[in-house]
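[1] what's the 3D shape of this:
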Amino acid sequence: MVLVGYGALMNPATPPLLRRRPGRPRGGTPVANRDTLVAAAVSTARRHGADTTMDDIAATAAVGKPVLYRYLGDRAAVVDSLSEWLTEQVKAATLGNINPADPPRTALHSAVAGFVDTVVAQRGVFLFVNAGGHDVAVFDRLIRGAATPLAEVFSGTHTAASALTRSLAVVGMLQITVTAWLIEPHCSADQLVDDLVDLLWSGIGTTIT
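    Numbering: from 1, shown residues only. Below you'll find the predicted structure:
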């Protein structure tokens with residue numbers, strides 16, 4: 001048996017055991033970062049919708065809740081992160097659907113279809129973000145993110161301010177109607193888009209030439 005003296009145990013050259021930081025295994029390689037946790041939150045919200053909890057997200061990411069709070073923050077911060085993600089999805093789909101050469105009504109139909117298609121594809125995330133409990137800035141980001149591409153539809157015949165007013169009104173209508181439709185669908189998505197465009201155009205079509 002080899003006895004190690006007290007002095008050897010206290011030798012400063014002997015590396016101490018290092019306490020691992022949250023989200024890091026032995027060796028220091030991160031197993032969690034903001035991007036992976038946002039992806040986990042998106043995946044979880046797709047399954048659980050408005051009922052998504054921090055425990056659910058942590059379980060999906062295979063991390064403890066302290067790691068989740070460290071990188072993303074509390075539930076309100078998670079809602080904010082997912083609202084940013086969803087806004088980008090809506091903007092990309094809406095802009096991608098609009099052809100500048102199309103007549104205004106066709107462009108409006110394309111924009112509304114892009115919005116509805118995205119919401120259908122991201123139903124759980126949309127309901128989670130819109131479930132309440134977040135600040136006005138999150139709501140404003142969602143509304144303006146969707147309204148900005150729509151403003152292009154009105155920009156040819158209205159001032160920038162008037163075009164934005166009309167696009168915000170359209171998105172406000174879409175937000176309420178589509179949320180209710182997601183919870184209790186009463187028609188197909190195509191019928192929903194057609195009905196919304198008919199209703200919207202009866203009010204705004206007379207102001208566009």
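[2] rest of the way, CA atoms for contacts and neighbours
    Noted.
[3] can you list the domain ranges for the protein.
    As given by automatic domain parsing, the domain ranges for the chain are 30-73, 80-207.
[4] Lowest mean pLDDT across these, which one is that?
    Of all the domains of the chain, mean pLDDT reaches its minimum on domain 80-207 (a mean of 85).
[5] Work out the gap between it and the centre of the chain.
    Averaging C-alpha positions (C-alpha atoms, centre = their mean, to the nearest Å) puts domain 80-207 14 Å from its chain's average.
[6] contacting residues for the most centrally placed residue in the chain?
    In the chain, the C-alpha nearest the mean C-alpha coordinate belongs to Leu86, at 2.5 Å (C-alpha atoms, centre = their mean). By C-alpha atoms under 8 Å, 6 or more residues apart in numbering, the residues touching Leu86 are Val125, Phe126, Leu142.
[7] Quickly find the element holding the last one.
    Under DSSP states H and E, the secondary-structure element containing Leu142 is helix 136-154.
[8] Report the buried residues of that helix.
    138-139, 141-154 (16 or more other C-alpha atoms under 10 Å).
[9] repeat for stretch 155-169
    His158, Ala163, Leu164, Arg166, Ser167, Leu168.
[10] quick one, helices of the chain?
    Under the criterion DSSP state H, helices of the chain are mapped to 6-9, 34-48, 54-61, 65-71, 75-97, 104-121, 123-129, 136-154, 160-183, 189-204.
[11] hang on, the earlier thing: got a list of contacts for the helix holding Leu142?
    79-80, 83-84, 86-88, 90-91, 94-95, 104, 107-108, 111, 115, 130, 160, 163-164, 166-168, 170-172, 208.
[12] Just the buried residues from those residues, in PyMOL please.
    In PyMOL, a selection of the buried entries from these looks like this (16+ other C-alpha under 10 Å):
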select buried, resi 79+80+83+84+86+87+90+91+94+95+104+107+108+111+115+130+163+164+166+167+168+170+171
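[13] Just give me the closest of the buried residues of stretch 155-169 to Thr60.
    Proximity of the buried residues of stretch 155-169 to Thr60 (C-alpha to C-alpha) peaks at Leu168, which lies at 35.3 Å.
[14] what's near enough to touch the closest one?
    Contacts were defined as C-alpha under 8 Å, 6+ apart; by that measure Leu168 touches Ile143, Arg144, Ala147.
[15] now do Val116
    Val116 sits next to Val178, Ala189, Val193 when contact means C-alpha under 8 Å, 6+ apart.
[16] Then Ala111?
    Counting by C-alpha under 8 Å, 6+ apart, Ala111 touches Thr94, Leu95, Asn97, Ile98, Pro149, Leu150.
[17] swap the cut-off to 6 Å and go again
    Thr94 (C-alpha atoms under 6 Å, 6 or more residues apart in numbering).
[18] next one: Ile57
    Ile57 makes contacts with Ala41, Thr44, as judged by C-alpha under 6 Å, 6+ apart.
[19] Look up how far Ala131 lies from it.
    The gap separating Ile57 from Ala131 is 16 Å, by C-alpha to C-alpha, to the nearest Å.
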